[in-house]
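>>> Have a look; sequence and predicted model below, questions after that.
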Amino acid sequence: MTPSSQYPARWWHWLDDGRVQCDLCPRDCRLHEGQRGACFVRARQHDRMVLTTYGRSSGFCIDPIEKKPLNHFYPGSSVLSFGTAGCNLACKFCQNWDITKSRDMDRLMDQASPERIASAAQQAGCKSVAFTYNDPVIFAEYAMDVADACRSRGIHTVAVTAGYLHAQPRREFFAHIDATNVDLKAFSDDFYFKLTGSHLQPVLDTLLYLRRETGVWVEITTLLIPGKNDSDEEITVMSRWIHQQLGADVPLHFSAFHPDHKMQDVPATPKSTLVRAREIARREGLHHVYTGNVHHRAGDTTHCAHCGATLIERDWYRIDRYRVTPDGCCPDCGHVLAGCYGRAAGNFGRRRIPVAIGA
């Protein structure tokens, strides 16, 4: 395996002034020799772009798929999760900031080849491998190689991402991915610019591309932050856009913020805010709206979009009742439940199992 600090990166070009420009995401970082991009992990070394974290991880863990969160992608199954370091956004509210904002490559203790990761997932009985904890867009070359190794073993791959990338890498990256949860952080460019250092439109472009031009299963998460993106008006406009542009069957997860990173003066999101947001989104026509980071059985439960029958009852990440037919339909009316399903639900439950994977 090529040393991680020297792995050739894709998506860059030379500029007339002698710098190189990274073409992965809309930040368009322009670098002199020895400089790193805003993500900190893509760098110019010896007159080429390299990915400095290829084959290195901040840790591996087996999780329930619902924790990603994905409620309509093989419910109850286990997923081998990992991330690296760095991020191409600068969210002041980041809840994984010790990983995403790390400037210490020594924090990446676990080294593993794509083949070793796929083998470990298979041996552990995982249905899928998830690129998460930090955004897989910035380690796309590594994630794509892992995805190929997984696909050869019949294992699915999941990307948990903010969706902030250019069109060409977007096409190449998601060609390797089976399911994704896109973090739609708000529905105003002002929020994106002031609190994440990015912009809204590229994220919307990613969502439109995924739904209109790929077969990737898509779910969306919005972290509701008191006083920042939790107004009835913003939730209404966002839900309406999802319904009109992406479709009523795209699952939407509202999750609760807790004070962290550079926003420790903002209070935690009350459960009532998530319940209210869920009601608004459902009123706007979305069929599958969930609440996260709080105990709310109604907000964890999946219903038939046609007859309203309860199909999957959850308590946190544990499935207590599963009524989806082997072909993914409601047993009462025969309506197809949007998503991807096996012959039965998995029974992994609420466990979280750290694992060590060698190179």
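That came through fine. Keep in mind it's a predicted model, so treat the numbers as computed, not measured.

>>> Please measure how far the first residue of stretch 330-346 sits from its last one.
Start to finish, the residues bounding stretch 330-346 are 18 Å apart (C-alpha to C-alpha, to the nearest Å).

>>> in which helix or strand would I find Pro259?
Assigned by DSSP states H and E, Pro259 falls within no helix or strand.

>>> Who are the contact partners of it?
Each residue near Pro259 by C-beta atoms under 8 Å, 6 or more residues apart in numbering is listed here: 265-268. Every residue, glycine included, has its C-beta placed from N, CA and C.

>>> Give me the pLDDT for the nearest residue to Ala175 once chain neighbours are set aside.
Spatial nearest neighbour of Ala175, chain neighbours left out: Thr214 (7.9 Å); criterion: C-beta to C-beta, 6 or more residues apart in numbering. Thr214 carries a pLDDT value of 98.

>>> pretty sure Thr214 contacts Phe173?
No: if you go by C-beta atoms under 8 Å, Thr214 and Phe173 don't touch, sitting 10.7 Å apart.

>>> and the residue lying closest to Ser152 once chain neighbours are set aside, how many residues sit next to it?
Excluding the flanking residues, the one nearest Ser152 by C-beta to C-beta, 6+ apart is Ala118, at 7.3 Å. Using other C-beta atoms under 10 Å, Ala118 is surrounded by 26 other residues.

>>> for Ala118, phi and psi?
Main-chain torsions, Ala118, degrees, to the nearest 10: phi -60, psi -40.

>>> do the same with Arg36
Torsion angles, degrees, to the nearest 10, at Arg36: phi -110, psi 160.

>>> Check Arg42 too.
For Arg42, the backbone dihedrals (degrees, to the nearest 10) come out as phi -110, psi 120.

>>> again, but for Tyr192
Dihedral angles (degrees, to the nearest 10) for Tyr192: phi -60, psi -50.

>>> which non-adjacent residue is nearest it?
Closest residue to Tyr192 apart from its sequence neighbours, by C-beta to C-beta, 6+ apart: Leu200 at 4.6 Å.

>>> ok, that neighbour - contacts?
Going by C-beta under 8 Å, 6+ apart, Leu200 touches 186-189, 191-192.

>>> cool, and Leu204?
By C-beta under 8 Å, 6+ apart, the contact set of Leu204 is 241, 245.

>>> Can you name the next helix or strand after the helix or strand hosting it?
In this assignment (DSSP H and E), Leu204 forms part of helix 201-213. Sequence order places strand 217-224 as the next helix or strand after helix 201-213, per DSSP H and E.

>>> Show me which residues of that next one are buried.
By neighbour count, with 16 or more other C-beta atoms under 10 Å as the criterion, the buried positions of strand 217-224 are 217-224.

>>> about what we covered before: now a ChimeraX select for only the buried ones of the contacts of Leu200.
Listed next is the ChimeraX selection for buried residues among the contacts of Leu200, using 16+ other C-beta under 10 Å:
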select :186,187,188,191,192
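
>>> Nearest to Glu279 among the contacts of Leu200?
Phe187 (17.2 Å; C-beta to C-beta).

>>> bridging residues for the residue nearest to Tyr133 when sequence neighbours are not counted?
Using C-beta to C-beta, 6+ apart and skipping residues adjacent in sequence, the residue nearest Tyr133 is Gly83, 3.0 Å away. Beta-bridge partners for Gly83, by DSSP bridges, are Gly59.

>>> Next one: Gly83, what pLDDT does it get?
93.

>>> check contacts around it.
Residues in contact with Gly83, defined by C-beta under 8 Å, 6+ apart, are 57-59, 96, 99, 131-134, 136.

>>> pretty sure Pro331 contacts Tyr322?
No: applying C-beta under 8 Å as the test, Pro331 and Tyr322 come out as separate, 10.5 Å apart.

>>> of those two, who's got more company?
A count of neighbours by other C-beta under 10 Å puts Tyr322 above the other of Pro331 and Tyr322, at 17 against 11.

>>> List the contacts of the helix or strand hosting Ala140.
Secondary structure from DSSP H and E places Ala140 in helix 140-151. With contact meaning C-beta under 8 Å, 6+ apart, helix 140-151 is reached by 7-10, 24, 51, 53-55, 84, 114-115, 117-118, 121, 128-129, 131, 136, 156-157, 159, 165, 169, 172-173, 176-177.
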